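[1] just the structure for this:
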Amino acid sequence: MPVRMICASHTPLMDHVATDPAVDAKVRAHFAQLSDEVSEFDPELVIIFAPDHFKGFFYDMLPAFTVGIRATAIGDYDIGDGDFDVPEDLALDCISSLHNAGVDVAMSYRMQADHGFAQMLVLLGETVDRYPVLPIHINCAGPPLPPMKRVRELGAAVGNWAKSLNKRVLVLGSGGLSHDPPIPTIATASPPIAEKLIAGRNPPIEERRAREQQNFEVARALARGEGKAIALSPEWDRAFMDHMDRGELNFLDDVADEKLTEVAGCGGHEVRTWIAAYSAMSACGEFENKNLFYHAISEWNAGMGIASARAKETAKA
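    Residues are numbered from 1 along each chain as shown. Predicted coordinates for the structure are as follows:
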């Protein structure tokens, strides 16, 4: 089965906070090259594993994993908007397959997808609906988080389902390496903030813009060496990418979430999306992986990593 994979950090600050122009150009050049490759591959289905940032998923019902049967980009940070082109029959078939494989997933006919989903789709396809897409949310923001072992099982089950389709499939993992965005925790939040974490859907645009501006200021302070955000961790990020490259997908199994936060920030838990994508790719057969880019970009509050892989039979084509 022709299958390819791209994993990359996302950052909503990319078009809002300036960084070194040379670094900016390299990041955009990599995404432009990957966009051309995806266009040539012309996927019949894109499977994207992505997180949420309390924009579409809240503690009133926060499953570990959710498959979107219908999904809409909310357009936060002005990144993407409109409905995804989700093939509903395939989404339902995927859910049935996952359940039969022992992986319980929730489903949504009204998934609200934030930039965690939308940015990568836009960078690779200009819009969120250029290709048929199956969005799979992994809870990376609201503890307790799904264990890494369960994330691998999810990815493997999705990969086993995907390889049965006889379609050109592109698997995406959209998530941070190290970064520490200003996302409160419900354990320490004030009652008003806790309520927003429980059921803060569709806030007024002014409130959403204020939250985005707060994120910009946190990154600017981080770049100045100021503020409370945990610094980026390039050594940890590079090591993570190397572990993925070697197929060592279980190396975080014994790392407590609290320890991961200390090293990689609260956003570092988004590596679950990479682990799911690599697990799906592994289930599809042998593949060749390339770590294409890494740079710690404080102005974007992002350990910015990009990797791609393709099945060996297509790599030889």
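
[2] can you show me the helices along the stretch 201-317 of the chain?
    Ranges of helices in the stretch 201-317 of the chain, per DSSP state H, counting those that start in this stretch, are 205-223, 234-245, 257-264, 271-283, 312-315.

[3] out of these, which is closest to Val158?
    The minimum distance between Val158 and those falls on helix 271-283, with 4.8 Å, by CB to CB. All C-beta spots, glycine's among them, are computed from the backbone N, C-alpha and C.

[4] over the closest one, what's the mean pLDDT, rounded is fine.
    Here helix 271-283 scores 98 as its mean pLDDT.

[5] surely Ser35 and Gly125 touch.
    Yes. Ser35 lies in contact with Gly125 (CB atoms under 8 Å); the separation is 6.9 Å.

[6] residue contacts, Ser233?
    177-178, 263-265, 268, 296, 303 (CB atoms under 8 Å, 6 or more residues apart in numbering).

[7] what's the answer for Asn250, then?
    Per CB under 8 Å, 6+ apart, neighbours of Asn250: 148-149, 152.

[8] biggest helix in the chain by residues?
    For the chain, the helix reaching the highest residue count under DSSP state H is reported as helix 21-41.

[9] give me the neighbour count for Ala280.
    Neighbour count of Ala280, defined by other CB atoms under 10 Å: 29.

[10] isn't it up against Glu153?
    No. Judged on CB under 8 Å, Ala280 makes no contact with Glu153 at a distance of 10.9 Å.

[11] so what's Met120 up against?
    6, 8, 10, 48, 50, 172, 174.

[12] so what's it closest to, chain neighbours aside?
    Ser174 (4.3 Å; CB to CB, 6 or more residues apart in numbering).

[13] bridged to the one you found, which residues?
    Ala8 (DSSP bridges).

[14] how near is the closest residue to Gly285 other than its chain neighbours to Gly305?
    In space, and not counting its chain neighbours, Gly285 is closest to Ala311: 5.8 Å by CB to CB, 6+ apart. Distance, Ala311 to Gly305, using CB to CB, to the nearest Å: 21 Å.

[15] neighbour count winner among those two?
    More neighbours surround Gly305 than the other of Ala311 and Gly305, with 26 against 21 (other CB under 10 Å).

[16] what's the spacing between the closest residue in space to Tyr77 that isn't next to it in sequence and Trp274?
    Excluding its sequence neighbours, the residue lying closest to Tyr77 (CB to CB, 6+ apart) is Pro12, at 3.8 Å. Distance, Pro12 to Trp274, by CB to CB: 18 Å.

[17] who's more crowded, those two?
    It is Trp274, of Pro12 and Trp274, that has more neighbours when counted by other CB under 10 Å, with 28 against 25.

[18] these two touch, right, Ile183 and Cys266?
    Yes. Counting by CB under 8 Å, Ile183 touches Cys266, with 5.7 Å between them.

[19] find residues that contact each of these two.
    Ala141.

[20] who has more neighbours, the two?
    Remark: of Ile183 and Cys266, Cys266 carries more neighbours, 22 against 15, as counted by other CB under 10 Å.

[21] identify the residues contacting the more buried one.
    141, 180-181, 183, 185, 230.

[22] and if you look at Ala189?
    Counting by CB under 8 Å, 6+ apart, Ala189 touches Leu197.

[23] which SSE is it in?
    Using DSSP states H and E, Ala189 falls within no helix or strand.

[24] what do you get for the one 5 residues further on?
    Secondary structure from DSSP H and E places Ala194 in helix 191-199.

[25] same question, Asp93
    Using DSSP H and E, Asp93 falls in helix 88-100.

[26] so which residues of the stretch 51-200 of the chain form strands?
    65-68, 71-73, 82-83, 106-108, 111-113, 133-138, 169-174 (DSSP state E, counting those that start in this stretch).

[27] got the buried residues for the first one?
    Meaning strand 65-68. By neighbour count on 16 or more other CB atoms under 10 Å, the buried set for strand 65-68 is 65-68.

[28] for stretch 159-170, measure first residue to last.
    End-to-end distance for stretch 159-170, by CA to CA, to the nearest Å: 11 Å.

[29] will you turn the contacts of Ser233 into TSV that also has neighbour count, distance to Ala101 and pLDDT?
    TSV is the format used below for the contacts of Ser233 (neighbours: other CB atoms under 10 Å; distance: CB to CB, whole Å; pLDDT from 0 to 100):
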residue	neighbour count	distance to Ala101	pLDDT
Leu177	29	29	97
Ser178	27	32	97
Val263	14	32	96
Ala264	25	30	97
Gly265	24	32	96
Gly268	27	28	97
Ala296	20	37	97
Gly303	30	32	97
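
[30] tell me the one among the residues you listed nearest to Met61.
    Gly268 (24.7 Å).

[31] rewinding a little: show me what contacts the residue nearest to Gly285?
    1-4, 281, 284-287.
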